[in-house]
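Colleague: the following block contains a protein sequence and its predicted model.
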Amino acid sequence: METVRALREEAARPSKLSVWIDLFSVNHHLAVNQEYDYWSETIPQAVRSIGRTVVVLSPGIKPNALSRGWCLYEMSVTLEVEAPLELRLPPSEVAAFTEMIHGGNFKLKAWRRNLISITDTLSRESRDRARIMEILQDKLGIPEWDARLSTVLGKWLEVELGRALAGMTGEQQLVSGMLSEHAMLLTDLGELAQAEPMLLKLTNMAQADHGLSHPATLGFMDRYANVLKGVGKRNEAAEMFVRVLEGREAQGVPTLKLRLSMLALAELHHDQGQFRKAEELYRKLLNAEDDEDENQEVLKGTAALLAEVLQAQNQFEEPVSLLRETLEVRAVELGDDHLDTLTSQHGLAVTLLNAGATLEGEEWLRSTLAVRLERLGVGHVDTLLTLKELTTLLAKNFVTDEADYSGAFEDLDALYRKMLTGQREQLGSSHPETLDTLVKLGLHNQRQRKLHEAEKFLREVLRERRALHGPSRRVSRDQDQQQHLEVLETTHMLASLLHLSGKLVEAKKLFQETVQGRQVVFGSDHPLTLEATDGLLMVLIDMDETSLAVKVGEQLVTVRQDALGLSHPETLESMNKLTIMLLNNHQVTLAESLGRATLEKRLEALGDKHQDSLTSMANLASVLVAKGHQDMSEAKKLNERAYEGRRATLGDDHLDTGDSAYNLAQFLEQSYEFLISAKMYETAAATYSTAYGTTHDETLDAQAQAWRVRRMKTQGMGSAIKKVLATIKLNKSSSASQSN
């Protein structure tokens, strides 16, 4: 009848109302024999179809509904399907509830005993226990359901308490103690901004009435300090915690409250980066001789916190020892597969990695992951945390693109995919951490030249980020720049991958989008804008769009000269690229001028043995040959200097040395020095054979050129060829003069 009375107001509404009472809708005695799908799918579908769940709290002081497993299960299902869940007092209880508050008889501690504990409730109901526990554990885990249902109850209570308090004056609220109860409830619910002024008022009142050292005053000060910490007022919170700690220490009793105050202040110092202060308090807590069970419970995690602050001070030996000891104790007391034991294992693993014990740290991470996958599943936050640490560790092994890590690659790839599955389950496909893992998978596959797989992952990231933040080409300063920068970053990564894959048209389009977007956000001279412009330039070169490439190259040189100066390495690199583009575009005079300026600055800044200087020598030599100077002595000297410099710094087997040998051989051939030319071709062939193999096109070409030049020399064809080449050279020189 209380249920009917509680719903009477609903029945008075003009709209049609249908009510399903669970007692008559589901036969609890038969349901226990139903299959798993009935509990996990059929009942949730029914609750979703009904559309709303109303829980009648009767009697008001200790509602029956909160002590029955079936009711808690149906409330959990309502939250699962995201249907409204309402708590309601029957009319007969409303007046009594209000009277209890006005009389100062409401105590939050008593109500806390009514807070939901599914495990405790089901322990009294053996018939349905196993099935309900199984379903709820599989969905989110029992602790999470307890927390969600307790939050629902707390929010309802806050509304009812606020309604009742509205009929009381401020003085009445203070005298009755209801202001204190209200502040405590708001704190429990995380409504700290609302609780803060209440607790300040209560603290000041207690100090005025009882003095600073009174237990009641210290209690309010402690709550107020915790709230200040929660709202980010850390300095004020630290001052308040110190006063509380001094007051409780002066009482001379090692109470639980004293331990909690000390721990709260230590954690605050820890969060503020005041590691020495935090260390002192953590050690004081650990060294305290106290056998009280409740105090020992508080101190369980203190060793791990001390280990953290020591590591923050670059101390690793003691943290490893502390965490080993904690792990050993928990393994004995709780078992190897207990969740707290696994937390200790994970902490020890991370500490070992920080201490440089990589192999042992990896072993602990893998063993922790195996148990967490089995016990918690891939989507649990703790499992994902271990996966993140392990993948980060393994990714550090891939330091070069040339290294062969085939087995390690497959291992890391599989771990990334596990983490992706868990993040999609726990966080959703568009969550930043999920997208970050997709990026890592894409780059990991790109590193191993699995370009098709890499493209698939990066396209998904770009699609999700564009759906969330809009296309990169529409970015403006008025929009959320950080979000759109993520779109631009993804666009740049995909453009680079497509360039590598030979998909030049789309790569060009994406690079252009990236350049335009970054110009809007950062300006034309920002390093990220210039990075994207460099990528666009290389695509244009590969597409043989020489005129546009020259234009972009000139822009890069101008911007970098203005922003960085003429002698900056990035400016000189842009000048070097532009020199080659001008040469390819037959603008030889401009290419010579720019090539000389680049070489001069590089020699001045880097010396004549640096690879950048040697590259500029070779490029300028190519320009001089193309220009057709009658006296080729300068070009010859530059080629020789580039070759000898690379031999000295890189060795004969380096590809750049081989390329210099090949270029010098071509020049010597044009200078009719066939014997020396043939030797240089053979030198280049030997280098290519070492790098590429004996059957590679580059190797075979260099060998063929050496054979051809030697044949010309031995057959006495040098004189005749010399006349032909002289004629060709004269024609090229005339043509070059006309074009310039």
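Modeller: Okay, I see it.
Colleague: what about A648, how many residues nearby?
Modeller: Residues within reach of A648, counting by other CB atoms under 10 Å, total 11. For every residue, glycine as well, the C-beta is placed using N, CA and C.
Colleague: pretty sure it contacts D608?
Modeller: No - counting by CB atoms under 8 Å, D608 is not a contact partner of A648; they are 10.3 Å apart.
Colleague: which one's the longest helix in this structure?
Modeller: For the chain, the helix reaching the highest residue count under DSSP state H is reported as helix 142-165.
Colleague: show me the contact partners of the helix or strand harbouring A702.
Modeller: Under the criterion DSSP states H and E, the helix or strand holding A702 is helix 697-714. Residues external to helix 697-714 that are found in contact with it (CB atoms under 8 Å, 6 or more residues apart in numbering): 658, 662, 665, 669, 674-675, 677-679, 681-682, 684-685, 688-689, 692-693, 717-718, 721.
Colleague: out of those residues, which sit inside helices?
Modeller: Cross-referencing the contacts of helix 697-714 against helices under DSSP H gives 658, 662, 665, 669, 674-675, 677-679, 681-682, 684-685, 688-689, 692, 718, 721.
Colleague: now those residues: which count as buried?
Modeller: When neighbours are counted using 16 or more other CB atoms under 10 Å, the ones in helices among the contacts of helix 697-714 contain these buried positions: 658, 662, 665, 669, 674, 677-679, 681-682, 684-685, 688-689, 718.
Colleague: just these now: which is nearest L594?
Modeller: Nearest to L594 out of these is Y662 (CB to CB; 24.1 Å).
Colleague: look up how far N287 lies from that closest one.
Modeller: Distance of Y662 to N287, computed by CB to CB, to the nearest Å: 74 Å.
Colleague: what's L87 in contact with, if anything?
Modeller: 54-55, 57, 152-153, 156.
Colleague: and the strands in this protein?
Modeller: Listed from the start of the chain, the chain has strands (DSSP state E) covering 53-56, 85-88.
Colleague: just give me the neighbour total for R52.
Modeller: The number of residues packed around R52, counting by other CB under 10 Å, is 11.
Colleague: got the phi/psi numbers for it?
Modeller: Backbone dihedrals for R52, given as degrees, to the nearest 10, come out at phi -160, psi 140.
Colleague: quick one on the thing from earlier: dump the strands of the chain to a markdown table, plus distance to H586 and mean pLDDT.
Modeller: Listed next are the strands of the chain as a markdown table, based on distance: least, CB to CB, whole Å; pLDDT from 0 to 100:
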| stretch | distance to H586 | mean pLDDT |
| --- | --- | --- |
| strand 53-56 | 80 | 85 |
| strand 85-88 | 77 | 84 |
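Colleague: export these to CSV and append columns for distance to S18.
Modeller: Formatted as CSV, the strands of the chain follow (distance: least, CB to CB, whole Å):
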stretch, distance to S18
strand 53-56, 13
strand 85-88, 16
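Colleague: out of these, which is the most enclosed?
Modeller: Neighbour counts averaged per stretch over the strands of the chain are highest for strand 53-56, at a mean of 19; criterion: mean count of other CB atoms under 10 Å.
Colleague: who are the packing partners of that strand?
Modeller: Applying 3 or more CB pairs under 8 Å, 6 or more residues apart in numbering; DSSP states H and E, one finds that strand 53-56 contacts helix 2-6, helix 69-80, strand 85-88.
Colleague: tabulate the ones you listed (CSV), appending distance to L390.
Modeller: As requested, these are exported to CSV (distance: least, CB to CB, whole Å):
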stretch, distance to L390
helix 2-6, 53
helix 69-80, 31
strand 85-88, 39
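Colleague: ok, which of those comes nearest T383?
Modeller: Distances from T383 to each of the helices and strands packed on strand 53-56 were compared using CB to CB; the shortest belongs to helix 69-80, at 20.9 Å.
Colleague: worst-scoring helix or strand of the chain, pLDDT-wise?
Modeller: Taking mean pLDDT, DSSP states H and E as the measure, the helix or strand of the chain with the lowest value is helix 718-739, at a mean of 43.
Colleague: tell me where the stretch 501-650 of the chain has helices.
Modeller: Across the stretch 501-650 of the chain, reading from the start of the chain, the helices by DSSP state H, counting those that start in this stretch fall at 504-522, 527-542, 546-564, 569-584, 588-606, 611-627, 633-650.
Colleague: so can I have CSV of the ones you listed showing mean pLDDT?
Modeller: As requested, the helices of the stretch 501-650 of the chain are exported to CSV (pLDDT from 0 to 100):
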stretch, mean pLDDT
helix 504-522, 93
helix 527-542, 92
helix 546-564, 89
helix 569-584, 88
helix 588-606, 90
helix 611-627, 88
helix 633-650, 88
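Colleague: mind putting those into CSV with distance to T699?
Modeller: Listed next are the helices of the stretch 501-650 of the chain as CSV, based on distance: least, CB to CB, whole Å:
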stretch, distance to T699
helix 504-522, 28
helix 527-542, 24
helix 546-564, 30
helix 569-584, 25
helix 588-606, 30
helix 611-627, 21
helix 633-650, 18
